[in-house]
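1. need coordinates for the following:
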Amino acid sequence: MSIDTLQMKIRKLKNPSMLTLSPSPEWVPPYLQEEKLQAMGQTPQALAAAYEAFCTGILNALADSVPAVMFQAAAFHALGAPGTQSLQNLSQYAAQKGYYVLFDAMYGDISTQALFEGISLGNAVYRPYAADAVAVNAYAGSDSIKPFLPYCKKAGKNLFVQVRTYNKSAYEVQELLSGDRVVYTAVADIAERWSSGLVGNLGYSEVAIMAGISDADALRRLRNTYEKLFILVTGYGAPRVSCGNTQYAFDQLGRGAIVADTGTIATAWKKAGTDGRDFREQAKQAAQRMKDDISKFVVIR
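-> Numbers count the residues shown, from 1 in each chain. So this is what the prediction gives:
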């Protein structure tokens, strides 16, 4: 896929939302965990199976309404090999369901070949993941980014470069002065340079940036300054953060951005106070609320 394809999916569904899947034992309904523990014992395999069943249920529930999903790789890798296998299975399943698939790994040394191309095994190719994009941390410098760039050009893959996070203390580093700029705009400048020759038909580069929902001024500044950089707005659902800030990441046609939740969709069953057996329906309702919230401020044309 590519940023153009993602934007067409957003336009088709009139929904610039991205589902975040970062499961933990607290996310998964107790009945589902108990089923797997009874069948497989108190093992990482059982919890990984519960994660997979839970995430599969949500992917099925939202396949016709949400265009994209972000997998937080660390949540799965914490379970070792069983979690990694579940992540592989889920990424491939999400791709089959038509989702745009983003990996938030933030590993400077992640194998681009394994993620995007597959690994040669004699005359065969092993493709463990199905990924359209990867989130990367540019604060380690260009060495952590350059290995991914050829895949943007030859395979229609995307990079999402972390620029401005939504956590409360982000300003301590990201808004320090760097010459006549602040640090987060210096990183965005580098991302823009990496975008050379990678702009699609809809006007946005295959190299995108990530910025937190909490800082309206930063979003406005990024959108106005970096016209060809697609923006992933992170942090929807965080406490005391206005959804209205999302509007500053989009262009006048309601394009150029997508908004990721903080897990509020997947954990909606908890907020509803149910036992979790209705987690699919609760996720559908939460996804619709997120879409409705954003549509108050952004019109997709």
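2. quick one: Leu202 is in a strand?
-> No: using DSSP: H, G, I helix; E, B strand; the rest coil, the assignment for Leu202 is coil, not a strand.
3. list the contacts of it.
-> Contact analysis of Leu202 by C-beta atoms under 8 Å, 6 or more residues apart in numbering lists Ile3, Asp4, Gln7, Met8, Arg255. (Glycine included, C-beta is placed from N, CA and C.)
4. any chance of these in CSV, plus distance to Lys153, neighbour count and pLDDT?
-> Listed next are the contacts of Leu202 as CSV, based on distance: C-beta to C-beta, whole Å; neighbours: other C-beta atoms under 10 Å; pLDDT from 0 to 100:
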residue, distance to Lys153, neighbour count, pLDDT
Ile3, 13, 29, 96
Asp4, 14, 17, 96
Gln7, 19, 25, 97
Met8, 20, 15, 96
Arg255, 22, 19, 96
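5. nearest to Thr43 among those?
-> Using C-beta to C-beta, Ile3 comes nearest to Thr43 of the contacts of Leu202, at 40.4 Å.
6. so after the host helix or strand of Leu47, what's the next helix or strand?
-> Leu47 belongs to helix 44-62 when assigned by DSSP states H and E. Sequence-wise, the next helix or strand downstream of helix 44-62 (DSSP H and E) is strand 68-72.
7. what is that next one packed up against?
-> Counting contacts by 3 or more C-beta pairs under 8 Å, 6 or more residues apart in numbering; DSSP states H and E, strand 68-72 is packed against helix 3-13, strand 17-21, helix 81-96, strand 100-104.
8. so what strands line up beside that strand?
-> strand 17-21 (parallel), strand 100-104 (parallel) (DSSP bridges).
9. ok, and for that strand, which residues are buried?
-> Going by neighbour count (16 or more other C-beta atoms under 10 Å), the buried part of strand 68-72 is Ala68, Val69, Met70, Phe71, Gln72.
10. please apply the same query to stretch 41-55.
-> Buried residues in stretch 41-55 (16+ other C-beta under 10 Å): Gln45, Ala46, Leu47, Ala48, Ala49, Ala50, Tyr51, Glu52, Ala53, Phe54, Cys55.
11. re the thing from before, which of the strands paired with strand 68-72 has the lowest average pLDDT?
-> Of all those, mean pLDDT reaches its minimum on strand 100-104 (a mean of 95).
12. that one vs helix 3-13, what angle?
-> Computed by axes from the mean of the first three to the mean of the last three C-alpha atoms, to 10 degrees, the angle separating strand 100-104 from helix 3-13 equals 120 degrees.
13. give me the contacts around strand 100-104.
-> 1, 5-6, 9, 18, 67-73, 91, 94-95, 115, 129-135, 158, 160, 232.
14. helices of the stretch 201-301 of the chain, residue ranges please.
-> Ranges of helices in the stretch 201-301 of the chain, per DSSP state H, counting those that start in this stretch, are 216-225, 268-272, 279-295.
15. mind checking which of these is nearest Leu62?
-> helix 279-295 (5.4 Å).
16. now that closest one: mean pLDDT?
-> 98.
17. returning to what we had before: need the strands paired with strand 68-72 in JSON lines with distance to Leu32 and mean neighbour count, can you?
-> Shown next, in JSON lines, are these (distance: least, C-beta to C-beta, whole Å; neighbours: other C-beta atoms under 10 Å):
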{"stretch": "strand 17-21", "distance to Leu32": "15", "mean neighbour count": "25"}
{"stretch": "strand 100-104", "distance to Leu32": "23", "mean neighbour count": "24"}
